[in-house]
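[1] Show me the folded form of this:
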Amino acid sequence: MKYDVSVVIPNFNCKQYLPIAFASILKQRGVITEIIVVDDGSDDGSIEWLELAQKTLSNLVLIKQHRSGVVAARNRAIGLARAPYIAFLDADDYWIDDKLKDQLSYMKAHRECVLSFTNYMHVTEQYQPIIDCFSYWPEFYQSQLKDSTDYMLLENPLDLLLCANVIGTSSVMVSSDAIKRVNSFNPSLKSASDWDCWLNLASIGNVAYTYRCAMGYLMRSDSITANRTRRIEAMQDIIARVYAKNPVSLKTKIKTTARMSECHGEYQREQGKKFSALFYAVCAFSLNPHKRNAKHLIHDLKQLVTART
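    Coordinates of the predicted model:
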């Protein structure tokens, strides 16, 4: 069988979400898919569900591994992928109809494009819409394009992605050759390996995107929150390596510093450290005075005033 796209799904205890994820794959028209699921040591019945699915889905490849993490799972699947393009889908997310067909058509027509992604909708556990991703990023969002369904090239993708990680993993399609050329996802990183991979790809080829919300991202109440300090450390390491390998403008470096100040502020806010949170909010807004940073600054000022009265 000659596949168009290899769909990579890492799974850990997502049995209750797998039917919706798989249904969204099976509804994709005009694309021949290979589905590679790497189960990372599930004990919730996922394996049994997937083995049953294999009896009717000849294109489903199931790999079982002991708890090794999502990076190891994705990299293992990438190594097995037989299609020229790879699409990522987390087990608790889902795609909109024809997501793959439109994305594949663009990438096949633009061979220099190594990565494409879509807007996506955050949804509740009842699958009700909350807010789309692109609206959160004023550095990226253009209101005149909000109804567009076309794919467009991202100008200066490395610079933009350094200061605004607008890419949701389950919205991504990549060239199989390209992602293998950048050594897939970095297993040495304790966090932000997806962002690191997109930056590496942006440094070797074109990146395209669409405002169409072609993916649903489930906001689970029981999801494990990433350790923020670990993520900040990983981000700083990634940024340093990008600076060392690529020419990055001063303007981008300033915006990236503002983004890191914002991340530090979020951590200090979570810790209840009002003065520190305000300090980083001032830094972020001073370096990159946009709406979201202004909201954080006003919030932290109010918190400090309230605490002192």
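
[2] can you pull out the helices in the protein?
    Applying DSSP state H to the chain gives helices spanning 18-26, 46-54, 70-80, 99-109, 157-163, 176-181, 193-202, 228-245, 250-270, 274-287, 291-308.

[3] got the angle for the fourth one vs helix 18-26?
    It refers to helix 99-109. 40 degrees (axes from the mean of the first three to the mean of the last three CA atoms, to 10 degrees).

[4] ditto for the longest one
    With the same axes, to 10 degrees as the basis, helix 250-270 and helix 18-26 are set at 160 degrees to each other.

[5] next one: the third one
    With the same axes, to 10 degrees as the criterion, the two stretches helix 70-80 and helix 18-26 enclose an angle of 30 degrees.

[6] For helix 70-80, list the C-alpha coordinates in PDB.
    In PDB, the C-alpha atoms belonging to helix 70-80 read as follows (Å, rounded to 0.1, in the frame of the first residue of the first chain):
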ATOM      1  CA  VAL A  70       5.600  11.400  24.400                       C
ATOM      2  CA  VAL A  71       8.900  12.400  22.600                       C
ATOM      3  CA  ALA A  72      10.100   8.800  22.500                       C
ATOM      4  CA  ALA A  73       6.700   7.700  21.200                       C
ATOM      5  CA  ARG A  74       6.600  10.300  18.400                       C
ATOM      6  CA  ASN A  75      10.100   9.600  17.400                       C
ATOM      7  CA  ARG A  76       9.500   5.900  17.200                       C
ATOM      8  CA  ALA A  77       6.500   6.400  15.000                       C
ATOM      9  CA  ILE A  78       8.400   8.800  12.800                       C
ATOM     10  CA  GLY A  79      11.100   6.200  12.300                       C
ATOM     11  CA  LEU A  80       8.400   3.700  11.100                       C
END
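
[7] Now do it: which elements does it pack against?
    Identification of packing neighbours for helix 70-80 by 3 or more CB pairs under 8 Å, 6 or more residues apart in numbering; DSSP states H and E yields strand 5-11, strand 33-39, strand 60-64, helix 176-181. (Each C-beta comes from the backbone N, C-alpha and C, glycine too.)

[8] Include distance to D40, mean pLDDT and mean neighbour count when you put the helices of the chain into a markdown table, please.
    What follows is these, written out as a markdown table (distance: least, CB to CB, whole Å; pLDDT from 0 to 100; neighbours: other CB atoms under 10 Å):
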| stretch | distance to D40 | mean pLDDT | mean neighbour count |
| --- | --- | --- | --- |
| helix 18-26 | 14 | 98 | 18 |
| helix 46-54 | 10 | 98 | 16 |
| helix 70-80 | 5 | 98 | 20 |
| helix 99-109 | 24 | 98 | 20 |
| helix 157-163 | 27 | 95 | 22 |
| helix 176-181 | 20 | 98 | 16 |
| helix 193-202 | 14 | 98 | 23 |
| helix 228-245 | 19 | 95 | 16 |
| helix 250-270 | 27 | 96 | 18 |
| helix 274-287 | 35 | 96 | 19 |
| helix 291-308 | 34 | 89 | 14 |
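
[9] just so I know, which of those lies nearest I32?
    Closest to I32 of those is helix 99-109 (CB to CB; 10.0 Å).

[10] between the closest one and strand 33-39, how many degrees?
    110 degrees.

[11] re the thing from before, single out the most deeply packed of the helices and strands packed on helix 70-80.
    A comparison of the helices and strands packed on helix 70-80 by mean neighbour count, using mean count of other CB atoms under 10 Å, puts strand 5-11 on top with a mean of 26.

[12] Please name the strands paired to that one in the sheet, noting orientation.
    Sheet pairing of strand 5-11 (DSSP bridges) gives strand 33-39 (parallel), strand 85-88 (parallel).

[13] ok, back up a step: reformat the helices of the chain into CSV and put distance to T118 next to each item.
    Shown next, in CSV, are these (distance: least, CB to CB, whole Å):
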stretch, distance to T118
helix 18-26, 13
helix 46-54, 25
helix 70-80, 19
helix 99-109, 7
helix 157-163, 15
helix 176-181, 17
helix 193-202, 14
helix 228-245, 23
helix 250-270, 22
helix 274-287, 28
helix 291-308, 22
